[in-house]
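Novice: Could you look at this predicted model? Sequence included:
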Amino acid sequence: MRRRHVLAIIILLAGAYILSWHLFPKSEINMLVVDKTVPQADYREHRAIFWIARHNRFTGPEGEFYQKDKDYLGYHPETGAKETLTKKELENIALLYLADTYGIYDYEEGLEVYEERLPYEHQDIELLYGGFETEETEAIKEFSSRDNRILVGEHNIFGYPTYLDPEAAKTLQELFAVNYDGWLARYYDDLDQTAYWTKELYSRIYGREWDLEGPGMVFVREGVPDLDWYTDLVIVEREDFSEPWPEVQSSDHELLAGAAQAVPYLYWVELLKIDPECEYTEVLAHYELPLEEEALELLKTRGLSASFPA
């Protein structure tokens with residue numbers, strides 16, 4: 001088959017797909033996305049949610065597709081608006097999606113310079129906006145108590161800066177039926193690229209200078225409000241891995257039909273534990289850390305496991 005014939009077929013198939021998308025019926029869903037971490041107008045923490053909604057032709061009550069730069073509650077970089085979640089905003093909402101609450105910070109020389117220097121030097125930053133407060137989590141709790149409501153939460157809604165309001169952090173953990181005691185983990189292709197504060201903490205805890213490099217994982221425990229810093233640190237190096245990297249492993253639940261059984265996950269994650277008193281919790285996927293026995297024993301000394309809920 002000639003090249004131009006192949007190209008023509010590809011164009012026809014693409015055209016047919018686009019046409020079929022326009023012919024597929026729209027579905028109305030009253031959705032609210034909360035994103036308090038929008039330091040610049042790329043909307044990276046929530047834009048995938050809006051892509052999925054549009055791809056599946058979900059619309060708002062007016063029949064219009066959701067717009068990633070407008071249809072969310074949180075921080076708006078164009079105007080500097082800092083929004084607070086209230087019961088009023090949730091009155092007619094069916095799906096509440098808590099995307100990110102890490103917040104907005106004052107970087108002395110800007111975010112890009114901060115990220116470039118992060119592995120190499122100490123940098124002071126100031127929290128300007130972020131996290132949940134008690135009034136907001138009470139609104140979320142009331143929303144969750146209604147029939148036919150869906151609540152979704154992503155990484156970091158329990159930790160800093162939400163934990164600065166202990167009651168807010170407690171309410172969210174109860175709603176999701178999990179316990180979070182401050183432990184976070186992240187895989188690095190090169191441990192030398194970890195944040196400088198990690199290296200400072202390493203020196204403080206272990207009494208020696210940071211000299212680690214190559215693949216590995218950092219386990220760090222967030223502090224409590226009165227300490228205002230990280231309190232513990234464990235490093236697992238490449239030789240302690242039985243497989244190349246950590247994975248999210250799916251169950252065979254019908255909601256995950258068609259999903260990959262295992263997917264590498266290489267960013268920050270909270271080490272959550274299921275609330276043993278909750279009878280309705282069902283875990284659909286786990287984080288699995290392929291660690292050798294020595295590393296497993298090291299985690300056990302901190303009350304941690306190599307398998308925890310995703």
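Specialist: Perfect, thanks for sending it. The structure presented is a predicted model; accordingly, all values stated were derived computationally and were not measured.
Novice: Do a quick rundown of the helices in the stretch 51-200 of the chain.
Specialist: 111-117, 134-144, 166-176, 196-206 (DSSP state H, counting those that start in this stretch).
Novice: The ones you listed into CSV, with extra columns for mean neighbour count?
Specialist: Quick note: C-beta positions are derived from backbone N, CA and C, even for glycine. Formatted as CSV, these follow (neighbours: other Cβ atoms under 10 Å):
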stretch, mean neighbour count
helix 111-117, 13
helix 134-144, 18
helix 166-176, 18
helix 196-206, 16
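Novice: Show me the one of these that comes nearest Leu255.
Specialist: helix 166-176 (16.4 Å; Cβ to Cβ).
Novice: got the angle for the closest one vs helix 134-144?
Specialist: Orientation check (axes from the mean of the first three to the mean of the last three Cα atoms, to 10 degrees): helix 166-176 against helix 134-144 gives 20 degrees.
Novice: which residues are contacting helix 166-176?
Specialist: 131-134, 136-138, 140-141, 144, 151, 153, 157-159, 162-163, 179-180, 225, 275 (Cβ atoms under 8 Å, 6 or more residues apart in numbering).
Novice: contacting residues around Arg117?
Specialist: Residues counted as contacts of Arg117 (Cβ under 8 Å, 6+ apart) are 123, 196.
Novice: Could you do Lys68 as well?
Specialist: Counted by Cβ under 8 Å, 6+ apart, Lys68 has contacts 43, 46-47, 50-51.
Novice: among the residues you listed, which ones are buried?
Specialist: Buried members of the contacts of Lys68, scored by 16 or more other Cβ atoms under 10 Å, are 43, 46, 50.
Novice: State the helix or strand in which the last one lies.
Specialist: The one in question is Phe50. helix 47-55 (DSSP states H and E).
Novice: average pLDDT across that helix?
Specialist: Mean pLDDT, computed over helix 47-55, is 95.
Novice: Low-confidence ranges, the stretch 151-300 of the chain, go.
Specialist: In the predicted model of the stretch 151-300 of the chain, residues 224-229 satisfy pLDDT under 70.
Novice: How are the strands of it distributed by residue range?
Specialist: 178-179, 183-188, 216-221, 232-237, 247-250, 262-264, 269-270, 273-274, 285-288 (DSSP state E, counting those that start in this stretch).
Novice: Got the domain ranges for the protein?
Specialist: 26-176, 177-310 (automatic domain parsing).
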